[in-house]
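*Asks:* need a 3D model of the sequence below.
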Amino acid sequence: MKDRCGPITIITGEKGKGKSTLIRQLVYSLRNSGINPQGLISPGIYDSGKKIGISVENIATCVRKQLAFYDPGWDSEMPERVWRFDTQALKWGNNVLNNIKDTCEVMVVDEIGYLELEKDEGWHSIFQLLEEKDFLQVYFVIRENLLPIAQDIWPHAQITKITDIDNPDLWVSNEIKDVLLRIDRYKDQSQRPR
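*Replies:* Predicted coordinates:
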C-alpha cells in the first residue's frame, strides 16, 4: 500500500481504556481550531452505566446510527465476540467514508477492528481512501490485540498507546499544533509558483 497521505497515527489500547473518549476530544478540538475533520467516531450507548451498544457518528454532520448491539455468543466462529454489528449501519458508514470531500485535511476513524483487518468487511473503504486522497493527517483507533495486523498494513504509522498518555489535554493540544503546522506548510507549498 503506497503512502500517499500524510502521517497515520494509530491510537491503541485495550477496551474500556478511553480511546474513543480521547478521539472525541481530539475531533472537538480540531473543530475549535478551524479544522474540519471527516470520518467516523463510535460512541458507546449506555443504560444505567452499562454499555449496551455502540453507535456510529458521521463527524461532518453529527448524524448517528446504532452500529452494534450487545449479544454475547452471536458469532459461532468466535463466540467470545459480544458485539453484533448492524449491516445497514456498516453500509451507511462506508457511504460516509466514500463521500469524504477532496478538501478534507484530517480523516478520523474510530474504530478499525477485526471486520476491516481480518475479514475485508466493515469499513473497508478506508483502504481505497488512503490510496486516492491526500489527507494531511489520519487518525485510527485500533484495539491492541489487532495492532500487529495494522502495523503490517501501515508500517510507518505512529503508534500511540492510551496508557502512555499521562495528560490527554496536552496530547490533544500537541496534535492540534502539529496538524496546523502541516496545513500551513501545505498551503505555503501549494501557493508557490511552479
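*Asks:* chain center to the biggest strand by length in the chain: distance?
*Replies:* Longest strand of the chain, by residue count under DSSP state E: strand 50-58. Between the centre of strand 50-58 and the centre of its chain there are 15 Å (CA atoms, centre = their mean, to the nearest Å).
*Asks:* direction included, what does it pair up with?
*Replies:* The strands that strand 50-58 pairs with in its sheet are strand 38-41 (antiparallel), strand 44-47 (antiparallel), strand 64-70 (antiparallel) (by DSSP bridges).
*Asks:* dump those strands to CSV, plus mean neighbour count.
*Replies:* The way it works is simple: take the backbone N, C-alpha and C, and place the C-beta from them, glycine included. Listed next are these as CSV, based on neighbours: other CB atoms under 10 Å:
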stretch, mean neighbour count
strand 38-41, 24
strand 44-47, 12
strand 64-70, 17
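*Asks:* looking at those, which is closest to Ala150?
*Replies:* Taking CB to CB as the measure, the strands paired with strand 50-58 were each checked against Ala150, and strand 38-41 came out nearest at 16.2 Å.
*Asks:* give me the contact list for that closest one.
*Replies:* Contact with strand 38-41 is made by 20, 23-24, 27, 56-60, 93, 96-97, 100-101, 104, 106-110, 123, as judged by CB atoms under 8 Å, 6 or more residues apart in numbering.
*Asks:* please indicate which of the residues you listed are buried?
*Replies:* 20, 23-24, 27, 56-60, 93, 96-97, 100, 104, 106-110, 123 (16 or more other CB atoms under 10 Å).
*Asks:* in helices, which of those residues fall?
*Replies:* Residues from those lying in helices, with DSSP state H as the criterion: 20, 23-24, 27, 93, 96-97.
*Asks:* so for stretch 55-70, what's the average pLDDT?
*Replies:* Stretch 55-70 comes out with an average pLDDT of 95.
*Asks:* contact partners of it?
*Replies:* Counting by CB under 8 Å, 6+ apart, 27, 36-45, 51-54, 82-86, 88-90, 92-93, 96, 108 sit against stretch 55-70.
*Asks:* again, 6 Å this time
*Replies:* Among residues not part of stretch 55-70, those counted as contacts by CB atoms under 6 Å, 6 or more residues apart in numbering are 27, 37-43, 45, 52-54, 82-85, 89, 92-93, 96.
*Asks:* cool, stretch 113-128 as well?
*Replies:* The contact list for stretch 113-128 (CB under 6 Å, 6+ apart) reads 90, 93-94, 97-98, 109, 146, 149.
*Asks:* again with stretch 82-91
*Replies:* Residues from elsewhere that reach stretch 82-91 (CB under 6 Å, 6+ apart): 56, 65, 67-72, 74, 122.
*Asks:* just the residues you listed now: which is nearest Lys187?
*Replies:* The shortest gap between Lys187 and any of these belongs to Val56, at 31.7 Å (CB to CB).
*Asks:* what helices or strands is the host helix or strand of Gln189 leaning on?
*Replies:* Gln189 belongs to helix 168-191 when elements are defined using DSSP states H and E. Taking 3 or more CB pairs under 6 Å, 6 or more residues apart in numbering; DSSP states H and E as contact, the helices and strands that helix 168-191 lies on are helix 19-32.
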